[in-house]
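S.K.: What shape does this take:
(2 chains, ligands or ions: 2)
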Amino acid sequence: MKAVATLTAEAARARRLRRERRRGIIRHAVLLVWTAVVLFPIFWMISTSFKDAGEWVTWPPHWLPHSPTLHNYAQIFAFSEMDPSLSRQATEQAFSIWKGLGDAAFICTTSSLLALLLGTFLAYAISRFNVGGRYFRHLILMIRMVPPIVVAIAILMYYAIMIPYATSSLLGVQISLFDTYTGLILLYTVTTLPFVIWMMLSFIDEVPYTLEHAARLMGAGRLTVLRRVVIPLVASGMVVTFLFVFILNWAEFLLALTLTHPEVTTLTVLLNKFQSASEGRLYGPQAAIGTVITLPVVILGILIQKHLVKGFSFGTIRK
Amino acid sequence: MARIVLRDLVKTFGAYTAVDGINFEVKDGEFLIMVGPSGCGKTTTLNMISGLETPTSGEIVIGNAVVNDLEPGERGLGMVFQDLALFPHMSVFENIAFGLRVKRVPEDEIRRRVVAAAEAVHIKPLLDKLPRQCSGGESQRVALARTIVTNPSVFLMDEPLSSLDAKLRVDMRTELKGLHRRLGATFVYVTHDQAEAMTMADRIVVMNRGRVEQLGTPLEIYGRPASLFVAGFFGTPTMNFIEGTIEAEGAGRLFRSRAIAHPLPASVPAALAGRSVVLGVRAEHVFVEKEGERRGEVRLTEPLGDATLVFFDCGLPTPLVAKAPPNTPLAPGHALAFRFAPEHCHLFDAVAGTRLN
Ligand SMILES: Nc1ncnc2c1ncn2[C@@H]1O[C@H](COP(=O)(O)OP(=O)(O)OP(=O)(O)O)[C@@H](O)[C@H]1O
Ligand SMILES: [Mg+2]
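M.R.: Numbers count the residues shown, from 1 in each chain, chains lettered A, B, ... in the order given. Ligands and ions are numbered 1, 2, ... in the order given. Okay, the predicted model is just below:
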């Protein structure tokens, strides 16, 4: 009697196991297919970046380059734009990405750091002193809901016409923000500030009030409290926020396209300029640049993952 | 000299008055405990003493100086918080050293004083750990050491034991009392646990709705509660309350309610005759007998070990409770007779709740 009962229980368990295994297989199959769909363009980009000009648009397509070459990379990483062995005929386009890379790195780093610094202090003020009233924290993100296209032209008017005109008539010197590092850095700082405030708010809100009270009772001034207690506790959060904002700026295209070039050129804008009169779009170098742009984002993404976990988990430290 | 004087202290949050004009003095070296129900303004009062909240009006004197305009760090206080507020990113050593580092004390002196403070509360082996690696009781001691190390003349403690389990809480009571005796500092301690207040305090301040209900030694507060609120707040089980009136019967006085009448001592002023009052009497002052004129029926018994609580009906809206010997034969359904110890009957005004005798 008992034996029969255990037997049927055993059978039921085996059946359940089998069903679960089958479900697992189906689930993974679907996920694999989806991953392939998502990753295909990236694969295609990387593959193209190693193809010679003749292979870019062949039919039937070459999945992998038949004669792999580093020519595209050599071109975009060339130090001299005039190197005759690398230049293509009838092209007066600058292929080198060094300037674009430098500009992008400088602008994104500076503006992300600025936004992080300002945003952290603002978030602290909002979290602790209710600056702006009770609904301010929700309004902040609303500012960011405005599509960039709405402001792009307006900013262009300011940068290229109104500020130069105003400064030259008031101060006697013409100051233009159009096509300058300052112009783009300012704009990137402002556009990412809401994200920084919003993210940092969630971290700073987690730091218990009483920690600050305790520190102040032991004689620490407000700045010491920030430096020794609050900032160390939200440091992981600051890293996450910085990386997030950096990626946003790194991939920003519309504002950079509208407000810069030729003096200042970020990578996304440069990417779009890769064409020559005789060959049309230069898919090879474009793919190579695309690969180069993507790389830091992937690395940062992995870093973010590690810090996200840390950044959001210190709330559990409290007893 | 670390006495603390509070004069007409008021704190309002918008339209809400959290502390409504309190006055009292904490003597130098005293262990004063503030008790009261949740939301009565204990923490707010403590925060005003520490400077973390600014009073709406009134004065705070520490030592001989008005400190209203001093920063929290300049008042010479140490505070232990309800959630302990240990810095999670610093080792126990750094937690204890924080106050000294802020004051730029030389490194070797910091070492010496931190170790001394840690030894005082028996946590020397923990110095290299992080707060999250400490148990509740250990964290408690770290918070104490962090406060001791700066040698404050006043210790403020906001329910420091509430996060501990019952056994540890009782042990820490003894330890805190010992610490107080050794340091000779002034302690202001907040709790809403009346047993904690009774066992540790030199004097107790009972607060209710932002006001001081009574200030006195534990025995005074237990033996002569100044109001209905204080009477109900202290003591387990809660004091028996019976509504009724006072009648003059020749030289004697009589308390009469709907269900029972009971003689009162002659010390009750004759002027009270005719007043509506609430009579309060503690369980240990209710005597249960076999025969007598006031009779009741047992509802429930609760053995405590050293005594047994007998809850009985006698026609009043709520049952009365008496403390009987542990071996009492009474059981639910039994009939009994009872009387009160007249000298331990407390009389309160039925409306205002103030003490009358
Ligand atoms: N910052 C504040 N803003 C508005 N109301 C407050 C603030 N701080 C306290 N209060 C209110 O003041 C009253 C007294 O608060 P307080 O913290 O002093 O109570 P408590 O006696 O310490 O209570 P508990 O025993 O629960 O800790 C409460 O009703 C509380 O809601
Ligand atoms: Mg409190």
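S.K.: CA only for contacts and neighbour counts going forward, please
M.R.: Fine.
S.K.: which bits of chain A sit near chain B?
M.R.: Selection of chain A residues close to chain B by Cα under 8 Å from any Cα of the partner chain yields A:208, A:210-211, A:213-220, A:229, A:232-233, A:317-319.
S.K.: Could you rerun that using 7 Å?
M.R.: Contact residues, chain A versus chain B (Cα under 7 Å from any Cα of the partner chain): A:210-211, A:213-214, A:216-220, A:233, A:317.
S.K.: Just the closest residue of the stretch 251-357 of chain B to ligand 1, please.
M.R.: Among the residues of the stretch 251-357 of chain B, B:Gly353 lies closest to ligand 1, at 20.8 Å counting by Cα to the nearest ligand atom.
S.K.: ok, that residue to B:Gly51 distance?
M.R.: Distance check for B:Gly353 against B:Gly51: by Cα to Cα, to the nearest Å, it reads 34 Å.
S.K.: In terms of neighbours, single out the busier of those two.
M.R.: For B:Gly353 against B:Gly51, the residue with the higher neighbour count under other Cα atoms under 10 Å in any protein chain shown is B:Gly51, and the figures read 24 against 17.
S.K.: What are the structural domain limits within the chain?
M.R.: Went with chain A since none was named. What automatic domain parsing lists as the domains of chain A is A:2-89, A:95-312.
S.K.: Correction: the question concerned chain B.
M.R.: Following automatic domain parsing, one finds the domains of chain B at B:4-233, B:240-349.
S.K.: For chain A, which of those is the nearest?
M.R.: Distances from chain A to each of the domains of chain B were compared by Cα to the nearest Cα, and the smallest falls on domain B:4-233, at 3.7 Å.
S.K.: and the closest one, does that touch chain A?
M.R.: Yes. Applying Cα under 7 Å from any Cα, one finds domain B:4-233 touching chain A at B:52, B:72-74, B:78, B:85-89, B:99, B:102, B:132.
S.K.: Now the domains of chain A in TSV, please, with extra columns for mean pLDDT and distance to B:Val61.
M.R.: As requested, the domains of chain A are exported to TSV (pLDDT from 0 to 100; distance: least, Cα to Cα, whole Å):
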stretch	mean pLDDT	distance to B:Val61
domain A:2-89	84	70
domain A:95-312	88	17
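S.K.: Is whatever helix or strand A:Ala105 lives in in proximity to ligand 1?
M.R.: Secondary-structure element containing A:Ala105, defined by DSSP states H and E: helix A:98-129. No. Against ligand 1, helix A:98-129 shows no contacts by Cα under 6 Å from any ligand atom, the least distance being 10.8 Å.
S.K.: Disregarding flanking residues, what is the spatial nearest neighbour of B:Pro72?
M.R.: Among residues not flanking B:Pro72 along the chain, B:Gly51 sits closest, at 4.6 Å (Cα to Cα, 6 or more residues apart in numbering or on different chains).
S.K.: quick one: pLDDT of that neighbour?
M.R.: Per-residue confidence (pLDDT) for B:Gly51: 93.
S.K.: Please, where are all the helices along chain B?
M.R.: Assigned by DSSP state H, the helices in chain B fall at B:42-50, B:92-102, B:107-120, B:136-148, B:166-183, B:194-200, B:218-223, B:228-233.
S.K.: for the ones you listed, which one sits closest to A:Ile289?
M.R.: With Cα to Cα, the closest approach to A:Ile289 among the helices of chain B belongs to helix B:92-102: 49.2 Å.
S.K.: tell me the contacts of the residue of the stretch 51-200 of chain B found nearest ligand 1?
M.R.: Nearest to ligand 1, among the residues of the stretch 51-200 of chain B, is B:His192, at 5.8 Å (Cα to the nearest ligand atom). For B:His192, the contact set (Cα atoms under 7 Å, 6 or more residues apart in numbering or on different chains) comprises B:35-37.
S.K.: Dump these to a markdown table, plus neighbour count and pLDDT.
M.R.: Below are the contacts of B:His192 laid out as a markdown table (neighbours: other Cα atoms under 10 Å in any protein chain shown; pLDDT from 0 to 100):
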| residue | neighbour count | pLDDT |
| --- | --- | --- |
| B:Val35 | 27 | 95 |
| B:Gly36 | 25 | 92 |
| B:Pro37 | 16 | 92 |
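S.K.: how about the residue in the stretch 201-319 of chain A that chain B sits nearest to, what does it touch?
M.R.: Chain B sits closest to A:Gly219 of the stretch 201-319 of chain A, with a gap of 3.7 Å, by Cα to the nearest Cα. With contact set as Cα under 7 Å, 6+ apart, A:Gly219 has these partners: B:73-74, B:99, B:102.
S.K.: Assign it to helix, strand or coil.
M.R.: Look at A:Gly219: counting by DSSP: H, G, I helix; E, B strand; the rest coil, its state is coil.
S.K.: Tell me which of the domains of chain A is the most buried.
M.R.: Relative to the other members of the domains of chain A, domain A:95-312 carries the highest mean neighbour count by mean count of other Cα atoms under 10 Å in any protein chain shown, namely a mean of 18.
S.K.: Sitting in strands, which of the residues of domain B:4-233 next to chain A do you find?
M.R.: Counting by DSSP state E, these place B:Gly78 in strands.
S.K.: Name the pair among the residues of domain B:4-233 next to chain A with the greatest separation in space.
M.R.: Greatest spacing in the residues of domain B:4-233 next to chain A, by Cα to Cα: B:Glu74 and B:Arg132 (29.7 Å).
S.K.: coming back round to it: want to throw the contacts of A:Gly219 into CSV with distance to ligand 1, pLDDT and neighbour count?
M.R.: Conversion of those to CSV gives the following (distance: Cα to the nearest ligand atom, whole Å; pLDDT from 0 to 100; neighbours: other Cα atoms under 10 Å in any protein chain shown):
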residue, distance to ligand 1, pLDDT, neighbour count
B:Gly73, 20, 89, 21
B:Glu74, 22, 90, 16
B:Gly99, 25, 94, 25
B:Val102, 27, 93, 17
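S.K.: ok, of the contacts of B:His192, which one's closest to A:Trp250?
M.R.: For A:Trp250, the closest of the contacts of B:His192 turns out to be B:Pro37, at 56.4 Å, with distances computed as Cα to Cα.
S.K.: Let me know the pLDDT of the residue nearest to that closest one when sequence neighbours are not counted.
M.R.: By the measure of Cα to Cα, 6+ apart, the closest residue to B:Pro37 outside its immediate chain neighbours is B:His192, 5.9 Å from it. B:His192 is assigned a pLDDT of 86 by the prediction.
S.K.: Tell me the spacing between B:His192 and B:Val205.
M.R.: Between B:His192 and B:Val205 the distance is 11 Å, computed by Cα to Cα.
S.K.: Quick check: phi and psi at whatever residue of the stretch 201-319 of chain A ends up closest to ligand 1.
M.R.: Of all residues in the stretch 201-319 of chain A, the one sitting closest to ligand 1 is A:Tyr209 (11.3 Å; Cα to the nearest ligand atom). A:Tyr209 adopts backbone torsions of phi -50, psi -40, taken as degrees, to the nearest 10.
S.K.: for it, what are its contacts?
M.R.: Contacts of A:Tyr209 were listed using Cα under 7 Å, 6+ apart, and none were found.
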